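Enquirer: Quick one: sequence and predicted model below, then my questions.
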Amino acid sequence: MDIEFNKNEDKMNLLISAMEKKLSKIYLGGGKMRIDKLHEQGKMTARERIAFLIDKDSKTIEIGAFAGEGMYEEHGGCPAGGTVVVIGYVSKRQCIVVANDATVKAGAWFPITGKKNLRAQEIAMENRLPIIYLVDSAGVYLPMQDEIFPDKEHFGRIFRNNAIMSGMGILQISAVMGSCVAGGAYLPIMSDEAMIVDKTGSIFLAGSYLVKAAIGETIDNETLGGATTHCEISGVTDYKCKDDKDCLTRIRNIMSKVGHFDNAGFNHIEGKAPKKDEKEILGIIPDARDKQYDMHEIIYRLVDDSDFEEYKEGYGQSIICGLARVDGWSVGIVANQRKVVKSKKGEMQFGGVIYSDSADKSARFIMNCNQKKIPLLFLQDVTGFMVGSRSEQGGIIKDGAKMVNAMSNSVVPKFTVIIGNSYGAGNYAMCGKAYDPRLIVGWPTAQVAVMGGAQAAKVLVQIEVASLKAKGEMITPEKEAELFNKIKDRYDSQTSPYYAASRIWLDAIINPLDTRKWISMGIEMANNSPITKAYNVGVIQT
């Protein structure tokens, strides 16, 4: 290994270590004292419940672990958005599990909690995945009710989705393992099956204090909405469970008997490990964003047997397209090339920039994958489309529109991994969050923004300087440098992968060595949902 490789590897390992340190804190939820209090009540934590429910030693991926990171500090924070969402296997059936974390404000719903729950339901609906709710929530976080209660993408959308999923035949199971109050009380009854834990689970539209205030009735919460009431009198719940473990075991028993439905039929064979060492990925990604690397070397370490069938290899070289397998699943890969290449015309093409010929090639490849029913994998490290008179006169806007059109209308599932830069229209063309990837994740090296911090700061400083000059004012070089650094620092903080993941622009920040697992599990879940419409790209100019 050369010195440059070692430097890159050291930098990546530091980033991974920092990510894991953040995660270890997030995994504690509201902290050890609140965890201990739950245990004293005879309850398990959200993560303990999921660990008990999921098949032992099976693969899992967590959605939105960084949701709420750095947000709501004035309210004490909201680790993981107060909800844990995991895709895993229950009795060998792939499911999505949503568990309220009662150590975080008693499981109350913050705005980001609603967004995260809606993302979980979106994944379930797109991929026809069974969804299991482990309910333990005090309901809407009242100090922020205006940001979670009334709008289209707020709390009420959860119950609308319950109804839509029921109509789609997607299995929903609710386990009431703690509080389930007010509007949230509709969740169990809108699920296909509901169970409740005796003495710790409760369901009611209004608790005993509110009932007393509203109608003057004196009643305790257990009589009002406990397990006995709902299993033996109201009929709201279907199963009465003695404790958390009994409840989770019943879910496993139900899932073991669920039948299989038609799948999408994506091509799958027995998987193989890459021939080239996956761990070398950590030393290939440069320690600085302005350095080049060959994206082929990343691809060879992600795909089975390091076997990659490249499409139009000598044309449009700033994007790499080709067919491969990941853990046995057939995939079509669209990846930004990060090294400078020379076109057949003798022109140099900068790494990470989308040129007209590469956009044209990508559009054709995406259409081919749709015709062959091959899922698409986008590997992003893109600074945007090429600008300047030559590109404009060459039709870069037309060719870029072709690529966006072909990608937007894809009927095969799309998956996006942001390796480095994800800037401007390049984010869009390479299947950013707005274009419905089934999963979108970033490595710790990812950045998502209109442009990089330095470029944005230069533009904004130029505008500020021009404005001052127009007013007859001058700015010193020192003041200009101060302004530049201030803007750059603010912009850099907003391009961080943690900023993106906290707002669920990314489903997760992942260790690069987990990429194959995310892609494999993602295609497996997408295979649950047959393609029901023909591929039609609409109008594409040639």
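Expert: Arrived safely. Please read these numbers as outputs of a predicted model, since none were measured by experiment.
Enquirer: which secondary element of this structure has the worst mean pLDDT?
Expert: helix 389-393 (a mean of 68; mean pLDDT, DSSP states H and E).
Enquirer: buried sites along the helix or strand following that one?
Expert: Note on helix 389-393: by DSSP states H and E, the next helix or strand toward the C-terminus is helix 396-408. Within helix 396-408, the residues that count as buried by 16 or more other Cβ atoms under 10 Å are 396, 399-408. Every residue, glycine included, has its C-beta placed from N, CA and C.
Enquirer: which among the residues you listed gets closest to T228?
Expert: S408 (52.9 Å; Cβ to Cβ).
Enquirer: check contacts around that closest one.
Expert: Y435 (Cβ atoms under 8 Å, 6 or more residues apart in numbering).
Enquirer: and the gap between it and G64?
Expert: Taking Cβ to Cβ, to the nearest Å as the measure, S408 and G64 are separated by 24 Å.
Enquirer: Show me where the stretch 301-450 of the chain has its strands.
Expert: Under the criterion DSSP state E, counting those that start in this stretch, strands of the stretch 301-450 of the chain are mapped to 309-311, 319-326, 329-336, 341-342, 348-349, 353-354, 376-382, 384-385, 414-423, 439-442, 447-449.
Enquirer: Could you list the alpha-carbon positions for the third one in PDB?
Expert: What it means is strand 329-336. Extracted in PDB, the C-alpha atoms of strand 329-336 (Å, rounded to 0.1, in the frame of the first residue of the first chain):
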ATOM      1  CA  TRP A 329     -29.100  -9.600  -7.300                       C
ATOM      2  CA  SER A 330     -28.800  -8.200 -10.900                       C
ATOM      3  CA  VAL A 331     -28.300  -4.400 -10.900                       C
ATOM      4  CA  GLY A 332     -27.700  -1.600 -13.400                       C
ATOM      5  CA  ILE A 333     -25.100   0.800 -12.000                       C
ATOM      6  CA  VAL A 334     -24.900   4.500 -12.900                       C
ATOM      7  CA  ALA A 335     -21.800   6.100 -11.300                       C
ATOM      8  CA  ASN A 336     -20.000   9.400 -11.500                       C
END
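Enquirer: for that strand, the distance to its chain's centre please.
Expert: 19 Å (Cα atoms, centre = their mean, to the nearest Å).
Enquirer: May I see the buried residues of it?
Expert: Neighbour-count burial for strand 329-336 [16+ other Cβ under 10 Å]: 329-336.
Enquirer: and those as a markdown table, adding pLDDT?
Expert: Listed next are the buried residues of strand 329-336 as a markdown table, based on pLDDT from 0 to 100:
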| residue | pLDDT |
| --- | --- |
| W329 | 98 |
| S330 | 98 |
| V331 | 98 |
| G332 | 98 |
| I333 | 98 |
| V334 | 98 |
| A335 | 98 |
| N336 | 97 |
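Enquirer: Pull the residues that contact stretch 436-446.
Expert: By Cβ under 8 Å, 6+ apart, stretch 436-446 touches 12, 15-16, 18-19, 123, 126-127, 285, 378, 413-420, 422, 431-433, 448, 497, 500-501, 505-512, 515, 518, 522, 525-526.
Enquirer: In helices only, show me these.
Expert: 12, 15-16, 18-19, 123, 126-127, 497, 500-501, 515, 518, 522, 525-526 (DSSP state H).
Enquirer: Make a ChimeraX selection of the buried ones in these.
Expert: Buried subset of the ones in helices among the contacts of stretch 436-446, written as a ChimeraX selection, criterion 16+ other Cβ under 10 Å:
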select :12,15,16,19,123,126,127,497,500,501,515,518,522,525,526
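Enquirer: Closest one of the ones in helices among the contacts of stretch 436-446 to G169?
Expert: Checking these one by one against G169 (Cβ to Cβ), the nearest turns out to be N127, at 13.2 Å.
Enquirer: ok, the closest one to N13 distance?
Expert: N127 sits 33 Å away from N13, going by Cβ to Cβ.
Enquirer: so who does A138 touch?
Expert: The contact partners of A138, taken as Cβ under 8 Å, 6+ apart, are 105-108, 179, 181.
Enquirer: Sorry, wrong one. I was asking about Q447.
Expert: Per Cβ under 8 Å, 6+ apart, neighbours of Q447: 289, 418, 420-423, 495-497.
Enquirer: Where is pLDDT lowest across those residues?
Expert: The lowest pLDDT within those belongs to R289, with 86.
Enquirer: helix, strand or coil for that one?
Expert: Three-state call for R289 (DSSP: H, G, I helix; E, B strand; the rest coil): coil.
Enquirer: what about it, neighbour count?
Expert: 16 (other Cβ atoms under 10 Å).
Enquirer: if I look at it, how far off is S422?
Expert: In this structure, R289 and S422 are 12 Å apart, going by Cβ to Cβ.
Enquirer: Assess the claim that S358 and K312 are in contact.
Expert: No - using Cβ atoms under 8 Å, S358 is not in contact with K312, being 9.4 Å away.
Enquirer: quick one: which of those two has more around it?
Expert: More crowded of S358 and K312, by other Cβ under 10 Å: S358, with 30 against 18.
Enquirer: how near is that one to N336?
Expert: 9 Å.
Enquirer: Common neighbours of these two, please.
Expert: Joint contacts of S358 and N336 (Cβ under 8 Å, 6+ apart) are 318-319.
Enquirer: quick one, strands of the stretch 51-200 of the chain?
Expert: With DSSP E, counting those that start in this stretch as the criterion, the stretch 51-200 of the chain has strands at 61-63, 83-90, 93-100, 131-137, 172-181, 193-197.
Enquirer: For Q349, which of these is the nearest?
Expert: By Cβ to Cβ (comparing all of the strands of the stretch 51-200 of the chain), the closest turns out to be strand 61-63, at 35.0 Å.
Enquirer: What is that closest one packed up against?
Expert: If contacts are counted by 3 or more Cβ pairs under 8 Å, 6 or more residues apart in numbering; DSSP states H and E, strand 61-63 sits against strand 83-90, helix 111-127, strand 508-509, helix 515-526.
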